[in-house]
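**Q** Got a sequence here, can you model it:
(2 chains)
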Amino acid sequence: MQSVKFIEIDNLKVAYRVDGSGSKVVLLHGWGAESGTFQKVFDTLSTSHQVYTIDLPGFGLSEIPTSPWDATDYAKLLSKFLEKLNIGIVSLIGHSYGGRISIVIAAEEPDKIDKVILVNSAGIKPKRTVKYHFKYCLGKLGRFTRKFGSLGNYLADNIANKIGSRDYKEAGPMRDTMVKSVNQDLRPYLCKIRHKTLLIWGENDKDTPVSSAKIMEKEIPKVELILLKDAGHFSYLDQTEKFIEIVRNFLE
Amino acid sequence: MNVAVIFGGRSPEHEVSIVTAHQVKSALNEKYEVTLIYITKEGEWLTGDELHELNTFTNGCLPNILNYDRVSIEFETRPTFYSIPNRSGLFNKKKTLDIDVVFPAIHGVNGEDGSLQGLLELMNIPYVGAGVVGSSIGMDKIIMKSILSDSGLPVLPFIWFTKHQWNTTSEDIIDRVQEKLGYPVFVKPAISGSSIGVSPARNEEELYNAIELACRYCKRIVIEEGIEQGYEINCSVMGSDVPVASVCEQPISNSDFLSFDDKYIHDKPDDSDDVSREGMAGAQREIPAPIADDLTLHIQNLATDTFQILDCSGIARIDFLLTAEDIVYVNEINTLPGSFSFYLWEPSDITFPQLTSELVTLALETHKEKNKLIYTNTTNLLSHASASLGKLKE
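**A** As a prediction, this is how the structure comes out:
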């Protein structure tokens, strides 16, 4: 993988890598990941394309945003990144949270984008199940018990540990950004995406289920959905070769 | 005698430490009882028999706090190690961990940098390797280079600055580098092990990116003159008052310099059960280094001098950089070298078990010497001070 470079955007140092030549592609990683997660995809794809991959602020080697961000803020950053480096029109490959960013920038700044590939993308608020409502009430109860001194706090911590998602617990200083982001429903943006769009989904995905993909398939105008067998949320890692083949065909 | 090997830790070299610890454990087992204490990446201290199996670490997930006995240190009234059972029950009670010597096997920050050594000093437990001062100086490239060059040992010309200075006066710093050092240069975080965050720079753009990268790992940055077409020689030193040097080795690098990948990631044996040749022992190298005898001797002398100047004890590996004309520079010191450099002592007919046993003996001697020193006055000075204390009252 190419050595890391840095660029300053709105007082944040952003780390990125670039390699190869040809039509331009930007890889956007998911929550809790970093550009290195794409290493195999980056190395292979850069033999036929000019590939950029960014450590999103708050992840990898990039600095942490000073206020909580949502996907719109990240999309603005990406737009400035493209301008500052004079990259021109790019195709996007966005995984999970990176998919959110791709959806927003494609809808808001369509002239900057060529084609869009959403990989096990986030952005659709899941239907609330009984389990969700149970956890939600338990969470409220947990916050309520904090009023009862140290025993209450102990109970609340225990509850938080049991019901909080792993990403939430590990988010640290990025926790507010995460809360702000997951509460942002991107469904209204989908119909605004005028680009050729490809949805690649690992069919065993438990974090962003195939049902989200079906909704996106229905609402994005020029779209195609490909389900990958024996692949989960990180479908591009589970089925790397197939993934790259599909991406290459689509970008041609 | 019970030896506790402490390993893992909140350090980028966590995995390397696991390999080192299991090598050390196997070597110690011939002569000693071994207790393993594993510090998770989150900083939890665990113990238990399962840790002795390398499988525990290679089967995907690393051990976590839910399934292992926990280690506690209680300061009432003398600091002591305890193990707290994972499951509570009638016969599962908190036990004292009887530890005679600690064998730290943590590389990098939070272990090789004097912090763990400080804890063990407070607990008054003998431990293998350099003390607080030697460990922390060895970890800090700026302080180490300053002391060595003060003592007349050859180090490459360098400049250093803080992350804050970089953020406020980056142009001045780039000018300084270009004036004082010229390209190529090496940019390093002052504190980091295994070449993490280190990169070469051949022009201004590369310099900018290299400094930004280093700033992610440390708030103090050192930049030193780069050697083109140079090579690296390493030498291990063991002992305390009269240290001795091992044979020299020449690591074989895949790129411009020996990076983390070269040291630990390339050419690992496939058979994961055999740890004896993994980690630093598994990297590519030539032993003894194919250099002239007088050069070897020169390097060995520099190695023992470095060891003493930096107040080391036990074992260390000193890495040297040489120009194509064989001019030698001290590059860095590892006070807790990967695999404890056992492969450098084998040519001198010292096996790994003998090496670890020697290190345990040295630890006990150092500890005994230390406890002979006078730390307190036996008489209560205050009882004779009534006159002067009286004055204070007035």
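
**Q** Now do the helices in the stretch 51-200 of chain B.
**A** For the stretch 51-200 of chain B, the helices defined by DSSP state H, counting those that start in this stretch cover B:55-58, B:115-123, B:132-139, B:141-150, B:163-168, B:170-176.

**Q** Tell me which of the ones you listed approaches chain A most closely.
**A** Across the helices of the stretch 51-200 of chain B, chain A has its closest neighbour in helix B:163-168 (9.1 Å, CB to the nearest CB). The C-beta positions use only the backbone N, C-alpha and C, and glycine is treated the same way.

**Q** Run through the neighbouring helices and strands of the closest one.
**A** Packed against helix B:163-168 by the contact rule (3 or more CB pairs under 8 Å, 6 or more residues apart in numbering or on different chains; DSSP states H and E) you find helix B:204-215, strand B:220-225.

**Q** Near residue A:176, how many other residues are there?
**A** 13 (other CB atoms under 10 Å in any protein chain shown).

**Q** So it lies in a strand, does it not?
**A** No. Counting by DSSP: H, G, I helix; E, B strand; the rest coil, residue A:176 is not found in a strand; it is helix.

**Q** what sits up against stretch B:63-78?
**A** B:37-38, B:40, B:42, B:44-48, B:50-51, B:56-57, B:79-86, B:94, B:97, B:119, B:123-124 (CB atoms under 8 Å, 6 or more residues apart in numbering or on different chains).

**Q** quick revisit: would you turn the helices of the stretch 51-200 of chain B into JSON lines with mean neighbour count?
**A** Listed next are the helices of the stretch 51-200 of chain B as JSON lines, based on neighbours: other CB atoms under 10 Å in any protein chain shown:
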{"stretch": "helix B:55-58", "mean neighbour count": "16"}
{"stretch": "helix B:115-123", "mean neighbour count": "18"}
{"stretch": "helix B:132-139", "mean neighbour count": "22"}
{"stretch": "helix B:141-150", "mean neighbour count": "18"}
{"stretch": "helix B:163-168", "mean neighbour count": "14"}
{"stretch": "helix B:170-176", "mean neighbour count": "14"}
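
**Q** For those helices, could you give me TSV that also reports mean pLDDT?
**A** Output for the helices of the stretch 51-200 of chain B, formatted as TSV (pLDDT from 0 to 100):
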stretch	mean pLDDT
helix B:55-58	82
helix B:115-123	93
helix B:132-139	94
helix B:141-150	96
helix B:163-168	94
helix B:170-176	94
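
**Q** and the gap between residue B:309 and chain A?
**A** When distance is defined by CB to the nearest CB, to the nearest Å, residue B:309 is 35 Å away from chain A.

**Q** Give me the neighbour count for the closest residue in space to that residue that isn't next to it in sequence.
**A** Once flanking residues are discounted, residue B:309 sits nearest to residue B:151: 4.9 Å by CB to CB, 6 or more residues apart in numbering or on different chains. Residue B:151 is flanked by 13 other residues according to other CB under 10 Å.

**Q** can you check residue B:34 too?
**A** By other CB under 10 Å, neighbour count at residue B:34 equals 18.

**Q** Residue A:17 too?
**A** Neighbours of residue A:17 using other CB under 10 Å come to 22.

**Q** just the one 10 residues further on next, same as before
**A** For residue A:27, the neighbour count with other CB under 10 Å is 24.

**Q** Can you point out the helix or strand that includes it?
**A** Using DSSP states H and E, residue A:27 sits within strand A:24-28.

**Q** so who does residue B:342 touch?
**A** Contacts of residue B:342 by CB under 8 Å, 6+ apart are B:23, B:27, B:281, B:351, B:352, B:355.

**Q** Quick one: distance of the helix or strand where it lies to the chain centre.
**A** For residue B:342, the element it lies in under DSSP H and E is helix B:342-345. In terms of CA atoms, centre = their mean, to the nearest Å, the centre of helix B:342-345 is found 16 Å from the chain centre.

**Q** got the CA coordinates for the next helix or strand after it in PDB?
**A** Next helix or strand after helix B:342-345 toward the C-terminus (DSSP H and E): helix B:352-372. This file holds the C-alpha atoms of helix B:352-372, laid out as PDB (Å, rounded to 0.1, in the frame of the first residue of the first chain):
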ATOM      1  CA  PHE B 352      18.000 -19.600  25.700                       C
ATOM      2  CA  PRO B 353      17.300 -21.400  29.000                       C
ATOM      3  CA  GLN B 354      20.900 -20.400  30.200                       C
ATOM      4  CA  LEU B 355      20.300 -16.800  29.100                       C
ATOM      5  CA  THR B 356      17.000 -16.500  31.000                       C
ATOM      6  CA  SER B 357      18.500 -18.100  34.000                       C
ATOM      7  CA  GLU B 358      21.500 -15.700  33.900                       C
ATOM      8  CA  LEU B 359      19.000 -12.800  33.600                       C
ATOM      9  CA  VAL B 360      17.100 -14.000  36.700                       C
ATOM     10  CA  THR B 361      20.300 -14.200  38.600                       C
ATOM     11  CA  LEU B 362      21.300 -10.700  37.500                       C
ATOM     12  CA  ALA B 363      17.900  -9.400  38.600                       C
ATOM     13  CA  LEU B 364      18.300 -11.000  42.100                       C
ATOM     14  CA  GLU B 365      21.800  -9.600  42.400                       C
ATOM     15  CA  THR B 366      20.800  -6.100  41.300                       C
ATOM     16  CA  HIS B 367      17.900  -6.200  43.700                       C
ATOM     17  CA  LYS B 368      20.200  -7.300  46.600                       C
ATOM     18  CA  GLU B 369      22.700  -4.600  45.800                       C
ATOM     19  CA  LYS B 370      20.000  -2.000  45.700                       C
ATOM     20  CA  ASN B 371      18.600  -3.000  49.100                       C
ATOM     21  CA  LYS B 372      22.000  -2.700  50.600                       C
END
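
**Q** Brilliant, that's me finished.
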